[in-house]
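1. Got a sequence here, can you model it:
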Amino acid sequence: MAGYAVYRLPKEEKCTFMMQAESVPLHLESCQEFDGHSGFVIAPFVVSDDKPIVLLQPETTNIYGSVGEIPADVAEMIDKMSMLDAVSADDEASGAERKHYSHDFRNCHDRLVSGAFRKIVLARMSAETVSCEKSPFALFRQACEMYPRMFVALFSTSRSGTWLMATPEVLLEQEGDAWHTIALAGTMQLEGDALLFDVPLGNGCGSLSPDNCPAWSDKNIQEQRYVATYIKECIGRFSHDVSEAGPCTARAGNLVHLRSDFRFALEEGAGIGRLLDMLHPTPAVCGLPKKETFDFIVRNEHTPRGYYSGFAGPLDVCGRTNLYVSLRCMYIRDSRNFHLYAGGGLLQDSVEEQEWNETEAKMETMRKILNH
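-> Below is the predicted model of the structure:
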């Protein structure tokens, strides 16, 4: 069987299941090849022969009123179609992750201090093992219940393997002639009453710091401004009608981020492929300058990212496009073994222990699902 995707958009109840079983998904070498296509996109951080852009072109698409309405036979089919690895004994020993992160941090920070980079995102992977078996569909259902504000997707193909994501970051949305993207960067972990505020998704931003939200540091504000400036410049090459709102404080689980919203109309003849090629990867997952930091990450980051910090979602399905950056995600190796991914933006004044703790907080999004 070729593959499937099941997903739920933020603040919606309905879930969409797509299956391609009679043919092989398209494998693309560049975002520019998207023009004229539709389906479910699974794009990696860096495209390679073994990690192509995968475009599911389903023969079957079913929409359910909620995750609870997905029939048992469909849930069973999802689990059976999941491409799971035979676990080998080559995973890192406990404690090695921290050592490798420290090495990578120093390597990145040296470039920031020297002025070669203004910002770079450092990512890491954590290998997690649970005591009882977890089915991919059960994890998806749990993610939908725990994270109603996020884009939740479970997808599996022979080339990508099986991934679950619960991400807050829009890469590109479209409905009719209306286009939308966001700049999301900066992170704080909040608890209890500090999370009792709301920023309506899709309705613009409120205040930078709600009354019950701690003030943002200069580092976080600067990091988010880098991302917002880059995204606005990219869009400006394809549109002369761009509106910006924000930044505001936006929730994602027990984390908050700084978010700016951009709405625009594409100029006639401008294709989504070229726009995506320009946007991805944004400084929120890569760095500035883009080419230099991207090349540095690919050459030097300890663990290859695979489909983490790429993007995924429906492309021109029922007249809508909803592509999200693949954050807060995990690679499902088998029913007990999982690879969790997270990263954080480094600036010249970044402190290693604080950045490590930020990645730990981001991994909690998936750990809570595994430990439920």
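
2. For the rest of this, base every contact and every neighbour count on C-alpha atoms.
-> Fine.

3. Distance check, the closest residue to Asn371 other than its chain neighbours against His372.
-> Of all residues not flanking Asn371 in the chain, Val130 sits nearest, at 7.7 Å (Cα to Cα, 6 or more residues apart in numbering). Distance of Val130 to His372, computed by Cα to Cα, to the nearest Å: 11 Å.

4. which of these two has more neighbours?
-> Higher neighbour count among Val130 and His372: Val130, with 13 against 7, using other Cα atoms under 10 Å.

5. Just list the residues touching the more buried one, thanks.
-> With contact set as Cα atoms under 8 Å, 6 or more residues apart in numbering, Val130 has these partners: 336-337, 370-371.

6. Pro283 now?
-> Shown in contact with Pro283 (Cα under 8 Å, 6+ apart): 119-121, 226-227, 230, 290.

7. For the stretch 101-250 of the chain, which segments count as strands?
-> In the stretch 101-250 of the chain, the strands defined using DSSP state E, counting those that start in this stretch lie at 119-129, 151-157, 161-167, 170-175, 178-189, 242-252.

8. hang on, Thr181 packs against Gln174?
-> No. Applying Cα atoms under 8 Å as the test, Thr181 and Gln174 come out as separate, 9.0 Å apart.

9. out of these two, which sits in the busier spot?
-> Higher neighbour count among Thr181 and Gln174: Thr181, with 25 against 20, using other Cα under 10 Å.

10. That one: what's it in contact with?
-> Counting by Cα under 8 Å, 6+ apart, Thr181 makes contact with 170-173, 261-263.

11. For it, name its beta-bridge partners.
-> Note on Thr181: beta-bridge partners Phe262, judged by DSSP bridges.

12. Who does Ala245 form a beta bridge with?
-> With DSSP bridges applied, Ala245 shows beta-bridge pairing to Asp261.

13. so it touches Phe262, yeah?
-> Yes. Ala245 lies in contact with Phe262 (Cα under 8 Å); the separation is 6.6 Å.

14. Those two - which one has more neighbours?
-> Higher neighbour count among Ala245 and Phe262: Phe262, with 21 against 15, using other Cα under 10 Å.

15. right, and the more buried one touches His180 too?
-> Yes. With contact defined as Cα under 8 Å, Phe262 reaches His180; the gap is 5.6 Å.

16. sorry, back to before: can you put the strands of the stretch 101-250 of the chain in CSV and add mean pLDDT and distance to Val74?
-> As requested, the strands of the stretch 101-250 of the chain are arranged in CSV below (pLDDT from 0 to 100; distance: least, Cα to Cα, whole Å):
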stretch, mean pLDDT, distance to Val74
strand 119-129, 96, 26
strand 151-157, 97, 13
strand 161-167, 97, 17
strand 170-175, 96, 28
strand 178-189, 92, 32
strand 242-252, 91, 29
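
17. Go through these and name the closest to Gln20.
-> With respect to Gln20, and counting by Cα to Cα, the nearest of the strands of the stretch 101-250 of the chain is strand 151-157 at 9.5 Å.

18. Partner strands of that closest one and their direction?
-> The pairing partners recorded for strand 151-157 under DSSP bridges are strand 3-8 (antiparallel), strand 161-167 (antiparallel).

19. give me the low-pLDDT residue ranges for this protein?
-> Scanning the chain for pLDDT under 70 picks out the ranges 1, 86-94, 191-214.

20. any idea which residue sits dead centre in it?
-> Geometric centre of the chain, nearest residue: Ser326, 2.1 Å, by Cα atoms, centre = their mean.

21. That one and Pro168 touch, don't they?
-> No. Ser326 lies out of contact with Pro168 (Cα under 8 Å); the separation is 9.1 Å.

22. Show me the domain layout of the protein.
-> What the record gives for the chain is the domain set 3-88+134-165, 96-128+185-305+328-370, from automatic domain parsing.

23. quick one: which of these is nearest Phe311?
-> Closest approach to Phe311 among these is made by domain 3-88+134-165 (5.2 Å; Cα to Cα).

24. ok now that closest one, how far from the chain's centre?
-> From the chain centre to the centre of domain 3-88+134-165 is a distance of 13 Å (Cα atoms, centre = their mean, to the nearest Å).

25. ditto for stretch 270-283
-> Going by Cα atoms, centre = their mean, where stretch 270-283 is centred and where its chain is centred differ by 15 Å.

26. what about it, how long is it end to end?
-> Start-to-end span of stretch 270-283 (Cα to Cα) is 23 Å.

27. in it, what counts as buried?
-> 271-276, 278-283 (16 or more other Cα atoms under 10 Å).

28. Mind picking the one among these that's closest to Val298?
-> Taking Cα to Cα as the measure, Val298 lies nearest Pro281 of the buried residues of stretch 270-283, at 12.4 Å.
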